[in-house]
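**Q** Predicted coordinates and the sequence they were generated for:
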Amino acid sequence: MLEAIVIGIHIIVCLLLIGLVLLHSGKGGGLSDMFGGGAGATAIGSAAAERNLDRITVVVALTFVFTSTGLAFLLD
């Protein structure tokens, strides 16, 4: 039962992490330009949006590490 819950959380976290990484802007801009990081936004607004996106990505990545480790111990 616990394994199924952790696997479900892990799948959701995996999908979130993929989406968040795709939202980050690269050298030529990325999908984050669609959500306030473009030329129409002020520099301060886009910097704050990128900073928040970075923070959310770090939290989701740490959750991914913890669920991966938990699955390794549970399914062993």
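**A** That came in fine, so what should we check first?

**Q** so what pLDDT did residue 41 get?
**A** Note on residue 41: pLDDT of 50.

**Q** Do you have the strands of this protein handy? List them.
**A** Using DSSP state E, no strands are found in the chain.

**Q** Can you find the helix or strand of it with the lowest average pLDDT?
**A** helix 43-74 (a mean of 90; mean pLDDT, DSSP states H and E).

**Q** what about that one, distance to the chain center?
**A** 5 Å (C-alpha atoms, centre = their mean, to the nearest Å).

**Q** List the contacts of residue 72.
**A** With contacts defined as C-beta atoms under 8 Å, 6 or more residues apart in numbering, residue 72 has no neighbours. In this view, the C-beta of every residue, glycine as well, is placed from N, C-alpha and C.

**Q** any idea how far residue 8 is from it?
**A** Distance of residue 72 to residue 8, computed by C-beta to C-beta, to the nearest Å: 17 Å.

**Q** next one: residue 52
**A** Taking C-beta to C-beta, one finds residue 52 at 26 Å from residue 8.

**Q** now do residue 20
**A** Taking C-beta to C-beta, one finds residue 20 at 19 Å from residue 8.

**Q** if I read this right, residue 71 contacts residue 6, doesn't it?
**A** Yes - applying C-beta atoms under 8 Å, one finds residue 71 in contact with residue 6, separated by 5.8 Å.

**Q** Could you check which of these two has the larger neighbour count?
**A** residue 6 (18 against 15; other C-beta atoms under 10 Å).
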